[in-house]
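In: Predicted model and sequence below, questions to follow.
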Amino acid sequence: MDLRDRESQQRLTESLRTLREELDIREGFSHDVLQEADASVALHRLPPADRRDLPFLTIDPPGSTDLDQAVHLARRTGDAGEGYEVWYAIADVPLFVAPGGAIDTEARLRGQTMYAPDGRISLHPEVISEDAASLLPEQDRPAFVWHFELDAEAVVLSVDVSRATVRSRRQLTYAQVQADIDAGTADEQLMLLREIGVLRIRQELDRGGASLNLPRQDITHDGESYAIVTEPPLPCEDWNAQISLMTGMAAARIMIDGGIGILRTLPSPDEGALGKFRRQSEALEHPWPRDMPYGAFLRTLDVTDPRQLALMHSAASLFRGAGYTAFDGEVPDSLVQSAIAAPYAHTTAPLRRLVDRFVLVTCASLCAGEEVPGWVRSALPHLNALMASSNQTASRLDAGAMDAVQAALLSNRIGEAFSAIVLQGSPPAVEDAPGRQAPRLSGTVQVTEPPLEAKCYGELVAGERVTVVLLEADIARRLLRFEVKPTDTLPQARDDTAQGQAG
């Protein structure tokens, strides 16, 4: 689904600009920040430890230039038995950011890189985030190198992290990796990624962890038009994510043992939320077995089935309340990120997320037996609030941008009928006070084609297929609304996919 109408394009551009202003997003960098960035790049020195012998590779979405991670995998043999070795290089952003300097101050105000359809708003100046610190191929780069020894079941036996110079050899995309693996033409590195990833997923299930692998909706812009692309995640994305999760879990353990750090935490779902989800699974005819952990159950869901897709969206209610927990001295009682079912720390994206820079320095210091720097200690109590504010802004930007683009794409189709799946049903009708108008019932639907989620008025039952009519598509207000009515009162629902296949 794409947008090429010039007038709608202009209205969408204005709506996205207004959205940034409403959210007070910081765009561009001051002269002081840019000057400090240029100086830090010119004056930086690569770490003396040299791991350019390891043929690292990166796996990212196409067109990525801010590359945080590179990986190298190998089989381990010897007296201790068979297993694996994993080297995971993470961009050494702290090398370019002076504590208390202009870049550091600006990064704390931003919190993270913001991604919008009309451009990325970087956490750091591009000379750092997309050049000197990015793990681009065939470039010598400073990095925090994590070294894991795993047993034959991919259980971590030992872990260490230290600074070193690295050189990535290949920049791959997820689609390339998956295609090579599926075709049987992948090299040993990629085959090991699958092998280790599958074993780590098995461990996730065994410890009660859960991954919510919903189909992605991405907004793309080719310089001429906007489009929304919906596609399920590839298996290799899950395998690659397991390496990052393993690193975050190792970082958490290092900091807990060292008595200082900051963890990413998520409370366990309460019994009420779990009970509601179990009832929804029964209503949607895919009951959650009593003896199956909910993480294992989520991996059984087929998002191509309407009822199971609706159930997957309902599961998002079990993943609420994430935050950060900092400590220096006494280790807090609440340590676990419940979706991972283990202590965990954000560690692997320092180019794009503020907190990771502090975690990396803390872990490297503790592994080296050195004192954690004072600038890290003094920042720890403030990082939770900084990241919470930044996450809220990023979430509002994502939602607002998606709403604006969806409204633009459908702005000339008011009154048309569409096929849809109910993701979230409307609440039961209740009698209102005498003389007071009852609120209109509404829920959420997934329109089949074009593929998008939207608010819908009417009596809706999760998992049902319905026909909906577009009531409103307001680009300026970033608003999209549908209504469901009895089928016999509606025009023929439009399904562009089916029409295209028939033609």
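Out: Thanks, I have it. Numbering: from 1, shown residues only.
In: quick one, helices of the stretch 201-350 of the chain?
Out: With helices called from DSSP state H, counting those that start in this stretch, the stretch 201-350 of the chain shows them at 235-258, 271-283, 294-298, 306-315.
In: Let me fix that, I meant to ask about the chain.
Out: For the chain, applying DSSP state H gives helices covering 6-22, 31-43, 102-110, 126-127, 174-183, 188-206, 235-258, 271-283, 294-298, 306-315, 354-367, 374-409, 496-502.
In: Which among these is found nearest to Asp79?
Out: Evaluated over the helices of the chain, closeness to Asp79 peaks at helix 188-206, with 21.5 Å, by Cβ to Cβ. For glycine as for every other residue, the C-beta is placed from the backbone atoms N, C-alpha and C.
In: wait, what's in contact with the residue nearest to Gly258 when sequence neighbours are not counted?
Out: Distance criterion Cβ to Cβ, 6 or more residues apart in numbering; nearest residue to Gly258, sequence neighbours excluded, is Leu366 at 4.0 Å. Going by Cβ atoms under 8 Å, 6 or more residues apart in numbering, Leu366 touches Ile254, Met255, Asp257, Gly258, Ile260, Val372.
In: In PyMOL, select just the buried ones from those.
Out: Only the buried entries of those go into this PyMOL selection, using 16 or more other Cβ atoms under 10 Å:
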select buried, resi 254+255+258+260+372
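In: So which of the contacts of Leu366 is the closest to Ser15?
Out: Ser15 has its nearest neighbour among those in Met255, at 42.6 Å by Cβ to Cβ.
In: these two touch, right, the closest one and Ala364?
Out: No. In this structure Met255 lies outside contact range of Ala364 using Cβ atoms under 8 Å: 11.3 Å.
In: bridging residues for Trp87?
Out: Following DSSP bridges, Trp87 is listed with bridge partners His72, His147.
In: Now for it, how many residues are close by?
Out: Trp87 has 20 neighbouring residues, counting by other Cβ atoms under 10 Å.
In: didn't it look like it was pressed against Glu149?
Out: No. Counting by Cβ under 8 Å, Trp87 does not reach Glu149; the two are 10.7 Å apart.
In: Where does the record place the domain boundaries for the chain?
Out: The chain is divided into the following domains under automatic domain parsing: 2-265+328-406, 268-320, 410-430+438-502.
In: Show the contacting residues for Gln337.
Out: Residues in contact with Gln337, defined by Cβ under 8 Å, 6+ apart, are Leu263, Arg264, Thr265, Leu266, Ala322, Pro343, Tyr344.
In: Number of residues surrounding the nearest residue to Asp38 once chain neighbours are set aside?
Out: Counting by Cβ to Cβ, 6+ apart, Val127 is the residue found nearest to Asp38 once chain neighbours are left out, at 6.2 Å. Applying other Cβ under 10 Å, we find 17 other residues in the vicinity of Val127.
In: same thing with Gly100?
Out: Neighbour tally, Gly100, other Cβ under 10 Å: 11.
In: What's the per-residue pLDDT of it here?
Out: In this prediction, Gly100 carries a pLDDT score of 97.
In: contacts for stretch 319-332?
Out: 210, 212, 256, 259-267, 334-335, 337, 339, 355, 377, 380-381, 383-384, 387-388.
In: Met441 contacts Gly458, correct?
Out: Wrong residue type there; residue 441 is Leu, not Met. Yes. Counting by Cβ under 8 Å, Leu441 touches Gly458, with 6.3 Å between them.
In: What does the pLDDT read for Leu3?
Out: The confidence metric pLDDT takes the value 53 at Leu3.
In: For the remainder of this discussion, apply numbering that starts at 354.
Out: I'll keep to 354 as the first residue from here, and by that count the last item is Leu356.
In: Identify the residues contacting Glu836.
Out: By Cβ under 8 Å, 6+ apart, the residues touching Glu836 are Cys809, Tyr810, Gly811, Val821, Val822, Leu824.
In: Neighbours of Ser687, how many?
Out: Ser687: 11 surrounding residues under other Cβ under 10 Å.
In: separation between it and Leu510?
Out: 28 Å (Cβ to Cβ, to the nearest Å).
In: how about the closest residue in space to Gln570 that isn't next to it in sequence, what does it touch?
Out: Spatial nearest neighbour of Gln570, excluding adjacent residues (Cβ to Cβ, 6+ apart): Thr583 at 5.0 Å. By Cβ under 8 Å, 6+ apart, the residues touching Thr583 are Pro568, Arg569, Gln570, Asp571, Pro804, Leu805.
In: Was I right to think the fifth one contacts Arg569?
Out: What that stands for is Pro804. No. Using Cβ under 8 Å as the test, Pro804 is too far from Arg569 to be in contact (10.6 Å).
In: When the two are compared, which one has more neighbours?
Out: Ranked by neighbour count (other Cβ under 10 Å), Pro804 and Arg569 place Pro804 first, with 16 against 11.
In: For Leu567, see how far away the residue nearest to that one when sequence neighbours are not counted is.
Out: Using Cβ to Cβ, 6+ apart and skipping residues adjacent in sequence, the residue nearest Pro804 is Thr583, 3.9 Å away. Separation of Thr583 from Leu567 (Cβ to Cβ) stands at 10 Å.
In: Apart from its chain neighbours, what residue comes closest to Asp540?
Out: Asp533 (7.8 Å).
In: Arg617 versus the one you found, what's the distance?
Out: When Asp533 is compared with Arg617 (using Cβ to Cβ), they lie 32 Å apart.
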